[in-house]
Each structure stands twice: as C-alpha cells, then as structure tokens.
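In: Sequence first, then the predicted structure:
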Amino acid sequence: MAAENDTQPGLTADDVMKVAMLGRLALSGAELSSLTQELSNIVGFVSQLSEVDTAAVEPLAHPLDSQNVFRADEPAASLSTEQALAMAPRHDGECFLVPAVLGESGSA
Amino acid sequence: MPLTDRSAAELAAALAAGEVTSAACTEAFLERIEAANPTINAFLSVDRDGAIDQAAAIDAARAAGKPLGPLAGLPVAVKDVLCTTDQPTTCASKMLAGYRPPYDADVVRRLREAGCVIVGKTNMDEFAMGGSNENSAFGLVRNPWDLDRAPGGSSGGSAAAIAADMAPLAIGSDTGGSIRQPAGLCGITGLKPTYGRVSRRGLVAFSSSLDQIGPMARSAEDCALLLEAIAGHDPGDSTSLAVDVPAYRAELDKPLAGLKIGRVAAHFGDGLDPEVAEHVETAFAAYEAAGATIHEVELPHAAYGVPTYYLIAPSEASSNLARYDGAHYGHRWDGTARPDDGGISSFDSPLVEMYCRSRAEGFGPEVKRRIMLGTYALSAGYYDAYYAKALRVRRLIRQDFLDAFEQVDLIGGPVSATPAFKLGEKTDDPVAMYLVDLYTVGTNLAGIGGISFPCGFTAGGLPVGFQLQGPALSEPLLLRAAHQYQQTTDWHTRRPAAVSA
C-alpha cells in the first residue's frame, strides 16, 4: 500500500481486495477492476488536504464539541424478542440464526 | 384554485377555519400523486388507505371541537430514510426492500402527534449517498422542470414531490447538501437546520456527525411551519440540543433593515454557470434594496470542503453500514449463489462469507464505493493521513465560519454551480458528482444552518437557487430572510409546465 507521504496515491487490486475483506464486501472481477481505478482517483482527489498545515490544529470529530450525555440509570421498556426478530432473515423464535462461525467457507 | 396549488400555510388556515376538510385535501394530493408519480417517480410507496383514515380521524376530531395543532390534517411526504412502523422504510436500497422498522423516527412521531397525514415515502439516492437521485435501487427521479434532467439529491424525491404539487410539505435529510441542492435544482425552498436542532433518532444513519433532518416546501413560511413541528429536544438522541424551539412563523415579518449579509468572492470563480451567477447577484441586489448591506467575507478553507467531506462522510458511513450483516434484518444471501469473485476465493468462515455476499448483493455501486473509501481511510496506517487529517481541516473550516459570523449575520451565495444537469451526465465520474456539493458541504462540516430557495430561472426555464448560511441556531433569521425575499419575488410560486399541463 502507498506510504503516507506519497504524492501520487494509488491503490492496487491487492489493496482493494484487502479493504473489501475489511468492509465485508464480496467483489466481482469487474467491480474489483473498476473500484481499483475509481478509488485511486478519489484518494488522489482527497489527498489535496495534505497541502493544509494542520500541525497546531486539533481534530474536530463533532460540530458541537459536545460532552457525554447521561440519562438516569433506570430500567425502561425496550424491544420485545418478537419485535427484534420480526425482520430477521432466519430465526428460531428466540435467536437469530447464522451460518457457522468457525470452519471453512463453502461448507454452510 | 385547486387545493394542490395552495401553500401549506393557506391550507392550514382553511382547515382550521373549516373551509376545507382534511379528507378533501388529502384526496386531492393523492390524486395528484397518482397522476404524476408514474412519470416523476418521486414516491417509493404511497399509503392511500392509511392517509384517508388519518384524514378522517382529524376531521372527526376537529368536528368534535378537540384542540388541534397548526399542521393537523395536512399531507406530508417523508423521505424514505426515516423509520415508519406502518409504511416500508427502504432507503432506496435492495438491502432494505420491504423492511418495516420496529419504531417510528422521532420526527415521524412528532408529525403524527401534530396530526399530519403521512401520504407516502419519497425516493432518494440509496442510503442518502448521491447528488442526483440516480443511485436509487428503485429507479431514478425526474426533475419536474425538465424530465430529462436530475432533480438533485439525495432528497430528490421530496424536492420533486413539492415541485410537482404532489405534497405541500416534505421531510428531507441533509448530510452534505441533500436538502438544499435538490431544493435549488427543483425551484423549491429547503432548510438544513443546525446540527442537533432536529432529533436523528430513527433517521437511518449515514454520517452521524453530519446528518440532519429538515423541512422542504414551496416557501420559507411553509418550512417554518414544518420546522416548528419537528424541532426539539429528544432524550433518545444524545446529540439533540436541549434548547427551546422558537415560534419560527412569528418572526417572519420582521423587516431586514440593518441585516449584514456576507458575499464570498471565491464562490464566483471558474465553474460557476454565468446564468446562475447573474441570478445570485440579482438576489444580493434585492437584499440591498430591502435594507440589508452586503459585505465581502472570506472562507479561506472552503476549497477543501469537498475532500474533507469525502473522507469524513464515507468513514462514518462504513462504520454505520456495518450493521447490515444479513443476520438481524435486511437482505441475506441465499447460501448458494457464488458469482465470479475477482480473486476473493476464500472467506474466514461460513459466517463471513454470508456477510460478504449479503452485502455485495444488497448494496448498490455508490454505497459500495463509499464503504470501501471509508474503510480504507480508517484502516491501519491510513487513519492519521486521511481520517484524522480531515477532522483537523474540519476544525479550520468551522473556524472560518465562526470568524465570518463575527462580521456578518448571514452568508449568501449559490447553492449549486449549475442548474439541473442531464440524467446520466455525471454517473461515470464519481469525483465530478462529488463536486456538486461544493457550496453546501461547509454548512454540515461546521454544524450550522443553511437555507436554499429559488432566485430566478435560466433562459432554458430551469430554476436557480440562492443559499443563505447562518450561525448555529439562526433558523429564525434564515427563515425570515428567505421569507422577506419571497414577499417581493414570485420565483417560489412558479410551476413547471409538467404540472399545469
């Protein structure tokens, strides 16, 4: 992957594949090819921020610089199991059902 | 005059006076939707039966002498990014096709309490990512002023619904310009409130430090009416402001004498369409004639707004959209289809393969692009260079606005560099599409307010928008300044030929 001080940021197909796995996206061959080009262009575009001197500037994560907000620690109603499962693609009435968490892919 | 031609304020007065029933009003807009929507595609779903029932309930309550709020009985269109328990909530994504949320958004709850009739859910760019409404998984929206052109986005359905008289009021959301830009391109009025003014609970999250819900309507007066109903503190959104909601409509008639409006010379550089520039300058002159004074101000880091936005918003989006995992709700891979993977042949586990394939099938190209960009910007070794860098520039951009508002009350200028562009014109070039947000992203990055309203038409008959930006919680002034302009101009009352035909 490109180093931080590169002036010509570019992503390889290998970089894009790694990011796709981090982002949990399966990509087709055509998507891998188009995303490699598009992301290189976009990263090149956003890299113009390196021109700005921010040595003495703190990051601003939130426009209001707000503090933590607490509520009273009291029990309150929340979704019922039935409501929470109502839109689940697969469930058994009590739990969400998913493929095996361990083991090789393709064995689901 | 047909009921669909009247402003929300006029309809509200007629409803309150008993001159019109909500049933008649709702029926008129439903018929208009049924006539125009097959062409415009502004609505993804229409709840005819629910709307008729709600209208009848309001009429009965009024007949019984029950106290009703100013919006009671008025039809409202809601962008399909707000949760509604009784109507689908899809975010224009295959990922959420047919999804019914278990609770109403706080804004929807407030609309119901106010007695509004929610007629349907409006089309949008998928997960609010886009500036043309061409990223909807359920078909593009056509601009009522020219059916070959985009309505803007991402609240393109809400803007087109207002422009084509399909609703008197609509709810939009604005993360980088998604209320103001389509309002400008469709010739209507739209307000992006201060961050925290309107609760985000039940707004499907795109970029949580930038997203804000706001009103869209023909006029500033109608926007004021709607904002008054949806604004306010919500304990369910820790970023919502515990600040009283002003009586926005009561402020509208105060004159503008003494108002200081800033003008940013850099807004008028290369790339600004000459006709847009001319109408925007004419609007400045109208403000001067109304007693305001125009002052040159600078926003030195404004040119970095779009790249800053396109690091922060995708980063937050990649995190927010991690919730679509094929397990809890939304689309799930059927467990068998394994198309060409372009090299990804092994997944860590059957569970990870389900995640990856469900997301690959459920998300459209622009959503994937932004998840990828955000994941990259947040990944080890790049976080400081991209994401943290963007947060530092964000502080500089906000400081520019704080400094400018020491000198002026509001900042005026164009909403978009061009009038509505042709459908398909920018779809092959993501960076060109991102630049449509040039004049609007600063408002979101700074967390302040902005309003867009029509200030003229091109020779080709396309609306041109004017934008005013104001400090945090300046909504009363933004609405008043737009309303006063609309007292001496009639741009906001013009109707596209597609509507009157």
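Out: Perfect, thanks for sending it. Residues are numbered from 1 along each chain as shown, chains lettered A, B, ... in the order given.
In: Now do the helices in chain A.
Out: A:13-22, A:29-46, A:81-85 (DSSP state H).
In: Including mean pLDDT, mean neighbour count and distance to chain B, could the ones you listed go into CSV?
Out: In short, each C-beta sits where N, CA and C put it, glycine included. CSV is the format used below for these (pLDDT from 0 to 100; neighbours: other CB atoms under 10 Å in any protein chain shown; distance: least, CB to the nearest CB, whole Å):
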stretch, mean pLDDT, mean neighbour count, distance to chain B
helix A:13-22, 94, 19, 5
helix A:29-46, 94, 18, 3
helix A:81-85, 96, 13, 4
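In: Residue in chain A with the shortest distance to chain B?
Out: Residue nearest to chain B within chain A: A:P63 (2.4 Å; CB to the nearest CB).
In: For stretch B:23-37, list every residue counted as buried.
Out: Of the residues in stretch B:23-37, B:A23, B:C25, B:T26, B:E27, B:A28, B:F29, B:L30, B:R32, B:I33, B:A36, B:N37 count as buried by neighbour count, 16 or more other CB atoms under 10 Å in any protein chain shown.
In: In the stretch 251-400 of chain B, mark out all the strands, start to finish.
Out: B:260-264, B:293-297 (DSSP state E, counting those that start in this stretch).
In: I should have written chain B there, sorry.
Out: Using DSSP state E, the strands of chain B run over residues B:43-46, B:75-79, B:117-122, B:169-174, B:189-192, B:212-217, B:260-264, B:293-297, B:410-414, B:449-457, B:463-470.
In: Of those strands, flag the one that's most buried.
Out: Across the strands of chain B, averaging neighbours per residue (mean count of other CB atoms under 10 Å in any protein chain shown) puts strand B:189-192 on top, at a mean of 32.
In: how about the residue nearest the centre of chain A, phi and psi?
Out: Nearest to the mean C-alpha position of chain A, by CA atoms, centre = their mean, lies A:G23 at 5.0 Å. Phi and psi for A:G23, reported as degrees, to the nearest 10, are phi -90, psi 0.
In: one step back: closest one of the buried residues of stretch B:23-37 to B:G460?
Out: B:G460 has its nearest neighbour among the buried residues of stretch B:23-37 in B:A36, at 21.5 Å by CB to CB.
In: Please name the nearest non-neighbouring residue to that closest one.
Out: Closest residue in space to B:A36, ignoring its immediate chain neighbours: B:A164 at 4.9 Å, by CB to CB, 6 or more residues apart in numbering or on different chains.
In: can you check B:Y382 too?
Out: Closest to B:Y382 by CB to CB, 6+ apart is B:Y376, at 6.2 Å.
In: Looking at that neighbour now. What's its pLDDT?
Out: For B:Y376, the model assigns a pLDDT of 97.
In: picking that back up, got the strands of the stretch 251-400 of chain B as a markdown table, with mean pLDDT columns?
Out: Compiled in a markdown table, the strands of the stretch 251-400 of chain B are given as follows (pLDDT from 0 to 100):
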| stretch | mean pLDDT |
| --- | --- |
| strand B:260-264 | 98 |
| strand B:293-297 | 98 |
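In: wait, what's in contact with residue 45?
Out: No chain specified, so I'll use chain A. Shown in contact with A:F45 (CB atoms under 8 Å, 6 or more residues apart in numbering or on different chains): B:P307, B:Y310, B:V431, B:Y434.
In: Sorry, I should have been clearer: chain B.
Out: B:S45 touches B:D80, B:Q87, B:P88, B:T90, B:G120, B:K121, counting by CB under 8 Å, 6+ apart.
In: Whatever residue of chain B ends up closest to chain A: neighbour count?
Out: Nearest to chain A, among the residues of chain B, is B:G447, at 2.4 Å (CB to the nearest CB). Burial of B:G447 is recorded as 24 neighbouring residues (other CB atoms under 10 Å in any protein chain shown).
In: So it is in contact with B:R398, correct?
Out: Yes. Using CB atoms under 8 Å, B:G447 is in contact with B:R398, at 7.1 Å.
In: I'm done for today, thanks for sticking with me.
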